[in-house]
Structures are given as C-alpha cells and as structure tokens.
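S.K.: with the input below, show me the fold.
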Amino acid sequence: MTRSFRRIGALCACTVAAVSFAAVTAPAHADSGDGFEFTLYAKEVPGPGTDSSGPPPKVGDVFTTADDLYKTKGGNKVGRDGVTCAVVRVSGDQADVNCVGTFVLNGGPGGQLTAQALVTFDISNAAPAAYDVAITGGTGDFTQARGYVSTTPDGDYSRMEFHVTTR
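M.R.: Next up, the predicted model:
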C-alpha cells in the first residue's frame, strides 16, 4: 500500500479522524452558541510492520490508520484518532476509499466525534489532496454533533478545520 493511500484514510475521519478539546481550551463558538470551530494538526502514527511500498490498492483492500492530534504543529498532544478504510472502486490512477473514524477529545468540553467520507484520490500522487469529512455523531459534549472537517496536507501533518454544530 502506498503512503498516499494510507494518508488519505488517516483523516477521513476520516477518515475520519479523532481529536482533543484540551487543545482547544477556548474554541470559537458558532454565532448561535450551538457549536464549535477549531483547528487541529494530525500526525500519522505508523503501526508495526507498516510498509509504505507495495502493490497499488484493489477493490476490497481494507486498511487502518491512527494519528496523534495537536493544537499546533509540534505542540502539545491533545487527542488521537483511529480510521478504517475500504477500497470500493479503482479506475486507472483513481481510487475511491470509504472511511469511517473516531476522534477522541481530551479535556473539556470532552467526548468523541465520529466521521465518515468517501474519498477519491490519485494513486500515483505521493501527497493526498484536500478533502472534507462529514461528522456523523458524537458522545459527551458532542451528543447530536453534525458538521464537517476540512482536511488539508501540511508537510508531515494534516491540518484539520472542524466545523461542529450540536443542535
């Protein structure tokens, strides 16, 4: 599996991904007071025996990824995520990957956010493109959470901009 294939899944959560609110000690509240907007940085945690080379993905391949989450690049760790992805379509250099993930948020407010996305990416590209992940629910302070996470590659990190409503 290529690194770009693994990286795309990592945030779809992506993919989708998992986060800590300790990093967001003063989240920007939505105008209505019913949500939060904040940015975190995810850095992949390679699993044992992770192979960044190998054959291209094929339909039915499943992979998992994990990230540590930070308020700033190289700053204090504020959470983590876990993502599972399945390849559902491959056509030429394009692959569609369906990913489901959970963000674990430490501190207060606290809880977990779940997210899901169908991401199309270029298998031949070493760096993944930006994509959005739908927030599908949550626990704790994020009960009834909805919204999205915009994920953008940023060097060794992925920048994740959270837009969460809790109504």
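S.K.: show me where pLDDT drops low in the protein?
M.R.: 1-33, 49-53, 107-109, 126-128 (pLDDT under 70).
S.K.: now the helices for it?
M.R.: Along the chain, the segments classed as helices by DSSP state H run 3-11.
S.K.: Asp61 contacts Arg89, correct?
M.R.: No - if you go by CB atoms under 8 Å, Asp61 and Arg89 don't touch, sitting 11.5 Å apart. Using the backbone N, CA and C atoms, a C-beta is placed for each residue, glycine as well.
S.K.: those two: who's more crowded?
M.R.: When Asp61 is set against Arg89 and neighbours are counted by other CB atoms under 10 Å, the residue ahead is Asp61, at 17 against 12.
S.K.: with adjacent residues omitted, what lies nearest to that one?
M.R.: Val87 (4.4 Å; CB to CB, 6 or more residues apart in numbering).
S.K.: quick check: bridge partners of that neighbour?
M.R.: Judged by DSSP bridges, the bridge partners of Val87 are Val97.
S.K.: who's in contact with it?
M.R.: 57-62, 95-97 (CB atoms under 8 Å, 6 or more residues apart in numbering).
S.K.: show me the residues you listed that map onto strands.
M.R.: 62, 95-97 (DSSP state E).
S.K.: just to revisit the earlier point, how close does the residue nearest to Asp61 sit to Gly155?
M.R.: Counting by CB to CB, to the nearest Å, the gap from Val87 to Gly155 is 26 Å.
S.K.: over to Ala129?
M.R.: Ala129 is 15 Å from Gly155, by CB to CB.
S.K.: more neighbours, these two?
M.R.: Ala129 (14 against 10).
S.K.: quick check: the more buried one touching Gln94?
M.R.: No - in this structure, Ala129 is not within contact of Gln94 by CB under 8 Å, at 11.2 Å.
S.K.: returning to what we had before: from the ones in strands among the contacts of Val87, which would you call buried?
M.R.: 95-97 (16 or more other CB atoms under 10 Å).
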